[in-house]
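Visitor: please find the sequence and the predicted model below.
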Amino acid sequence: MRYENIQILVLSTAALFILVTGFIIYFVILYRNKQIRNEQEKEQLQGRYRQEMLRAQIEMQEQTLTNISREIHDNISQVLSFVKLDLALTDGMAEPEKQQKVNNSRELLSQTINDLRNLSKSLSFEYIAVNGLVKTIETEVERVNNSGLLHLSISIEGASYSLGAQRELVLFRIFQEALNNTLKHGSAEHLKISLHYFDQLFNLTLEDDGAGFSTELSENQSGSGLKNMENRAALIGAVATIKSSPGNGCRIKVTLNPQEEQIYADGTYPNSPG
Amino acid sequence: MFIIIHTSEILMLIVVIIGITRYGRLNTPFKILALSTIANLVIDILSDIFNAKYKNNASILHVEAITEFIFFSLVFYYLFTSQITKKVITVLIIAASVFSVINALFLQPFHTVFPTYVNLPTLALLVIFSLLLFKQMLLSPLTTPLLKQGVFWFNTAIIFYGTTMFLNIGLSNVYIKNPSTDYLIFYFWYIILYIFTILIGIALLTDDKEINSTNAL
């Protein structure tokens, strides 16, 4: 083999060497850029997640305040006015009648104190975090049933377990939104709530016997409550399906796999304490 | 020349020690890589013995060519996530092994000729695996800095080795017939070998199953 040929061989190998070095440097830069871009996307996702959680909390607080205000206006203030009026009428009454009125008023006041106590247990984020989804929904069921606006029934299948405070907050917010829709638009008499706790499946189903609506029409209304429910469900790795048609009530089903280790955008796990 | 050859073996020995001491902390592909360094060192020593005794190490190189390909392909097998690629690698390992035997018996007799018919396609395949792995890494980057990923150093080692050794190994049967011309090649060969061994050493040092799991961003 001639010396020139060897030189060519060495030069070609050296050229390959340089080429590969260049490729590696290019790859390192490309990889770093991709890492930065992914980190930025992750931060954006985290931001969106935090905003959504905050919005869910604010909406829940607003809902709670509306409930409290309605309760004070429709129930407590009415009862107190009645008691005031009743006691005012006792002037000049005979002692046994007076005593009867006082006893009635005492009973009404006792009932009002009870209502106020229930109201104080009203639905805050902390309440869900401490008592869990089942207890919180049961409290809400009791409150609505007492109001007489709608008859709610709840059934729980399987042994309930914690889904994590954040997931439960979002699920409760979906429940609240569905309940509100039923109260406002559904002209329903009954709302059936089912919670299914299985090993790899959790279901929250809400069925009412109201007027129903066309899901096709509501899908076109962007930013509607139904769309909100779907988006919120997606946020916690769940799927919300809404079925309804005019005259046939409405059925909302939220399904999620509790064992799925879906990391939240903020880096926490769904089954973390919150 | 003596120093150059033995420096290479010392480097190999260091890498083997790294592989053994860190074996428990390595991910499966890097455990295979650690085993491959041991096999490589043994083959290298045997090669020296054959060279000294028979003035020909071709038979050892026949064994080296196929074991090297099997070990590195297995490393790639565990690093790839695509099931199709894994199947292709399995088929290629079997095909290369069969061809290696046929080559040693009929095409390039194992006791006289270097196994370039095995080396050339297997090196080309390793370069292709390496490029595919670079592509996979780009598609799903990890949060761990690139320079702390064993897979990056292993892949870099393979692409360096595969591309630069390609010509040298391919022409090794020509050099043997022209011993006066191979000094330059000899030095070049060992430079590549040093770089390759160091890169494999870094790969074994940086890989850690507790840190470098496949936690894509």
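Guide: Happy to help now that I have it.

Visitor: what sits against A:Asn75?
Guide: A:Asn75 sits next to A:Thr112, A:Asp115, A:Ser147 when contact means C-beta atoms under 8 Å, 6 or more residues apart in numbering or on different chains. Heads up, the C-betas are built off the backbone N, CA and C, glycines and all.

Visitor: please indicate which of these are buried?
Guide: A:Thr112, A:Asp115 (16 or more other C-beta atoms under 10 Å in any protein chain shown).

Visitor: go through the contacts of A:Asn75 and flag which are in strands.
Guide: For the contacts of A:Asn75, not one is inside strands, with DSSP state E as the criterion.

Visitor: please narrow the contacts of A:Asn75 to those residing in helices.
Guide: A:Thr112, A:Asp115, A:Ser147 (DSSP state H).

Visitor: quick one: the first one and chain B, what's the gap?
Guide: Separation of A:Thr112 from chain B (C-beta to the nearest C-beta, to the nearest Å) stands at 57 Å.

Visitor: with A:Met60 instead?
Guide: In terms of C-beta to the nearest C-beta, A:Met60 sits 32 Å off from chain B.

Visitor: centre of the chain to the helix or strand encompassing that residue, how far?
Guide: Using DSSP states H and E, the element containing A:Met60 is helix A:3-71. Chain-centre distance of helix A:3-71: 30 Å, with C-alpha atoms, centre = their mean, to the nearest Å.

Visitor: now the helix or strand just after that helix: buried residues?
Guide: Next helix or strand after helix A:3-71 toward the C-terminus (DSSP H and E): helix A:77-88. Buried positions in helix A:77-88, judged by neighbour count with 16+ other C-beta under 10 Å: A:Val79, A:Val83.

Visitor: and if you look at stretch B:4-12?
Guide: B:Ser8, B:Leu11, B:Met12.

Visitor: just to check, the second one is in contact with B:Thr197?
Guide: Looking back up the chat, that one is B:Leu11. Yes. B:Leu11 is in contact with B:Thr197 according to C-beta atoms under 8 Å; the separation is 4.6 Å.

Visitor: relative to A:Lys34, how far out is B:Leu142?
Guide: Distance, B:Leu142 to A:Lys34, by C-beta to C-beta, to the nearest Å: 10 Å.

Visitor: what residue is smack in the middle of chain B?
Guide: B:Glu68 (5.2 Å; C-alpha atoms, centre = their mean).

Visitor: name the helix or strand for it, please.
Guide: With DSSP H and E as the criterion, B:Glu68 is inside helix B:58-79.

Visitor: okay, buried residues for that helix please.
Guide: Within helix B:58-79, the residues scored as buried using 16+ other C-beta under 10 Å are B:58-79.

Visitor: point out where the chain drops to low pLDDT.
Guide: Using chain A. A:1-7, A:120-125, A:186, A:216-224, A:260-274 (pLDDT under 70).

Visitor: actually chain B
Guide: Using pLDDT under 70, the flagged stretches of chain B are B:1, B:167-184, B:211-217.

Visitor: report the longest helix in it, please.
Guide: Per DSSP H, chain B has its longest helix at helix B:28-54.

Visitor: chain center to it, what's the gap?
Guide: 10 Å.

Visitor: likewise for stretch B:190-208?
Guide: 10 Å.

Visitor: list the buried ones in that stretch?
Guide: Residues of stretch B:190-208 classed as buried: B:192-193, B:195-197, B:199-208 (neighbour count, 16+ other C-beta under 10 Å).

Visitor: how about the residues of the stretch 1-150 of chain A near chain B?
Guide: Within reach of chain B by C-beta under 8 Å from any C-beta of the partner chain, the stretch 1-150 of chain A has these residues: A:1-3, A:6, A:9-10, A:12-13, A:16-17, A:19-20, A:23-24, A:27-28, A:30-32, A:34-35, A:38-39, A:42.

Visitor: can you go through those residues and name the buried ones?
Guide: A:6, A:9-10, A:13, A:16-17, A:20, A:23-24, A:27, A:31, A:34-35, A:38.

Visitor: distance to A:Asn257 added to these, as a markdown table?
Guide: Shown next, in a markdown table, are those (distance: C-beta to C-beta, whole Å):
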| residue | distance to A:Asn257 |
| --- | --- |
| A:Ile6 | 65 |
| A:Leu9 | 60 |
| A:Val10 | 60 |
| A:Thr13 | 55 |
| A:Leu16 | 51 |
| A:Phe17 | 51 |
| A:Val20 | 46 |
| A:Phe23 | 42 |
| A:Ile24 | 42 |
| A:Phe27 | 37 |
| A:Tyr31 | 33 |
| A:Lys34 | 30 |
| A:Gln35 | 30 |
| A:Asn38 | 25 |
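
Visitor: and the two most separated of the residues you listed?
Guide: A:Ile6 and A:Asn38 (47.2 Å; C-beta to C-beta).

Visitor: where exactly do the helices run in chain B?
Guide: According to DSSP H, the helices that chain B contains are B:2-21, B:28-54, B:58-79, B:83-102, B:116-139, B:150-170, B:172-177, B:183-206.

Visitor: which of the ones you listed sits most buried?
Guide: Among those, the stretch with the highest mean neighbour count (mean count of other C-beta atoms under 10 Å in any protein chain shown) is helix B:150-170, at a mean of 23.

Visitor: ramachandran coordinates for the closest residue to A:Ala159 other than its chain neighbours?
Guide: If the residues on either side of it in the chain are set aside, A:Ala159 comes closest to A:Tyr197, at 6.0 Å by C-beta to C-beta, 6 or more residues apart in numbering or on different chains. Backbone torsions for A:Tyr197, taken as degrees, to the nearest 10, come to phi -110, psi 100.

Visitor: in chain A, which residue is closest to the centre?
Guide: A:Val170 (2.3 Å).

Visitor: and it, what does it touch?
Guide: A:Met53, A:Ala56, A:Arg232, A:Ala233, A:Leu235, A:Ile236.

Visitor: determine which two of those are furthest apart.
Guide: A:Met53 and A:Ala233 (13.8 Å).

Visitor: and the gap between B:Leu123 and B:Tyr23?
Guide: Distance from B:Leu123 to B:Tyr23, by C-beta to C-beta: 27 Å.

Visitor: could you do B:Leu35 as well?
Guide: 9 Å.

Visitor: what's the helix or strand for the closest residue to A:Ala234 other than its chain neighbours?
Guide: Leaving aside its sequence neighbours, A:Ala234 sits nearest to A:Ala240 (C-beta to C-beta, 6+ apart; 7.9 Å). Applying DSSP H and E as the criterion places A:Ala240 in strand A:239-244.

Visitor: and the helices in the stretch 151-274 of chain A?
Guide: Ranges of helices in the stretch 151-274 of chain A, per DSSP state H, counting those that start in this stretch, are A:165-181, A:215-220, A:225-235.
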